[in-house]
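Enquirer: have a look; sequence and predicted model below, questions after that.
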Amino acid sequence: RELVEQLGRALARRQFEVHFQPLISLHERIVAGLEALVRWRHPVRGLLSPARFIHLAESAGFLPSIGAMVLEEACARLSEWRGLGLDPGRVAVNLSASQLRDRNLPRFVLDTTMKHGLTPDRIELEVPETVTLGRAGENAIGILSDLRSLGFSIALDDFGTGYASLTHLRRLPVDKIKIDLSFIAGMSGNAADLAIVRAMVNLGHDLGMTVLAEGIETEEQADLLVKLGCDEVQGFLFGRPMPAEGLLAWLRQRQ
Ligand code: G
Ligand code: G
Ligand code: MN
Ligand code: NA
């Protein structure tokens, strides 16, 4: 309640920050892109993770404007880093359910991309599997198709946690699946989790999608994923989410 009121003022007070986590191409171990992740620099509580406030912001109706700010910031930083000759590939931005109810979203995303001198192939849009389910999901799928027609790529986030049927997955306008980190965490010690990850990698590939695994923390996990043929990884082993300045230093160091 108190937090909701503060959320309403946080945007104008510029208390939101966008951090960036590297997405790594597993075979070459090079940067394939970055994921933009919002944080709230709360004056009293410190740096708050989106897990603490995204649901609240969504139900209070703040997510369209927070989401717009994140996209704006992601495009601005990518454009700046490209200008410095440090090309991190593409930037991935998370979309919420309420953003995917807005028919004007594709136009807005395209305008923002072009305003920063970028082309749509530089922007990936991440949506949770759950957003595409049910009656509201049909609308979201239409908007995702429009975005994809404009040249943006679409990634299905937290894959495996949304109970989407395989038939459903086949009709989604999606270029990439992001295997949820809960499966990766269990993979090394648990034969069932390993079998599930293997099946998800194969399924994604059979449907012509790129497969990314989230939450890689150990070399053992990375080695297993190489054997399974996973394309991309994201995790603390390769790089944590970092503020823009930190990410810039990280990119420079890798060159
Ligand atoms: O970075 P962290 O692990 O704290 O993120 C927690 C969750 O918040 C992730 O599932 C991520 O998808 C979500 N999230 C992070 N940034 C954004 C954002 O800008 N918009 C939306 N809708 N979700 C985000
Ligand atoms: O949008 P999504 O749910 O994919 O957001 C990714 C979240 O996962 C980020 O908030 C990030 O902080 C978190 N994360 C990224 N890498 C790791 C990791 O290696 N281990 C754990 N536990 N969390 C991670
Ligand atoms: Mn994500
Ligand atoms: Na996830």
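Expert: Yes, it's here. Residues are numbered from 1 along each chain as shown. Ligands and ions are numbered 1, 2, ... in the order given.
Enquirer: quick one, what contacts the spatially closest residue to Gln15 that is not a sequence neighbour?
Expert: Leaving aside its sequence neighbours, Gln15 sits nearest to Arg41 (Cβ to Cβ, 6 or more residues apart in numbering; 5.0 Å). C-beta: built from backbone N, CA, C; applies to glycine. If you count contacts by Cβ atoms under 8 Å, 6 or more residues apart in numbering, Arg41 has them with Gln15, Phe16, Glu17, Leu47, Leu48.
Enquirer: if the second one is in a bridge, with which residues?
Expert: Going back to what we said before, that points to Phe16. For Phe16, the beta-bridge partners are Trp40 (DSSP bridges).
Enquirer: do I have it right that it meets Ile66?
Expert: Yes. Taking Cβ atoms under 8 Å as the definition, Phe16 is a contact partner of Ile66 at 6.3 Å.
Enquirer: now for the two: what residues contact both?
Expert: The contact lists of Phe16 and Ile66 share Val38, where a contact means Cβ under 8 Å, 6+ apart.
Enquirer: enumerate the residues of the stretch 51-200 of the chain near ligand 1.
Expert: Residues of the stretch 51-200 of the chain found near ligand 1 (Cβ under 6 Å from any ligand atom) are Ala51, Ile54, Leu63, Gly67, Val70, Asn94, Ser96, Asp157.
Enquirer: pLDDT score assigned to the third one?
Expert: Pointing back at Leu63 there. With respect to pLDDT, Leu63 scores 94.
Enquirer: chain neighbours aside, what residue packs nearest to it?
Expert: Ser96 is the one closest to Leu63 (Cβ to Cβ, 6+ apart), at 4.5 Å.
Enquirer: tell me where the stretch 51-200 of the chain has helices.
Expert: Here the stretch 51-200 of the chain has its helices, by DSSP state H, counting those that start in this stretch, at 63-83, 105-115, 134-149, 166-170, 181-187, 191-206.
Enquirer: and the longest one with ligand 2, contact?
Expert: No. With Cβ under 6 Å from any ligand atom as the threshold, helix 63-83 lies outside contact range of ligand 2, at a closest distance of 11.6 Å.
Enquirer: against Ser59, how distant is the residue nearest to Leu63?
Expert: Ser96 is 11 Å from Ser59, where distance means Cβ to Cβ, to the nearest Å.
Enquirer: which one's more surrounded, those two?
Expert: Remark: of Ser96 and Ser59, Ser96 carries more neighbours, 19 against 11, as counted by other Cβ atoms under 10 Å.
Enquirer: so who does the closest residue to ligand 2 within the chain touch?
Expert: Residue of the chain nearest ligand 2, by Cβ to the nearest ligand atom: Gly235 (3.2 Å). By Cβ under 8 Å, 6+ apart, the residues touching Gly235 are Leu181, Ile184, Ala213, Glu214, Gly215, Ile216, Glu217, Gln221.
Enquirer: any of the residues of the stretch 51-200 of the chain next to ligand 1 buried? List them.
Expert: Buried by 16 or more other Cβ atoms under 10 Å: Ile54, Leu63, Gly67, Val70, Asn94, Ser96, Asp157, out of those.
Enquirer: pretty sure the third one contacts Arg101?
Expert: No. Taking Cβ under 8 Å as the definition, Gly67 is not a contact partner of Arg101, at 11.8 Å.
Enquirer: which non-adjacent residue is nearest whatever residue of the stretch 151-255 of the chain ends up closest to ligand 3?
Expert: Residue nearest to ligand 3 within the stretch 151-255 of the chain: Asp157 (4.2 Å; Cβ to the ion). Nearest residue to Asp157, sequence neighbours excluded (Cβ to Cβ, 6+ apart): Glu126, at 4.4 Å.
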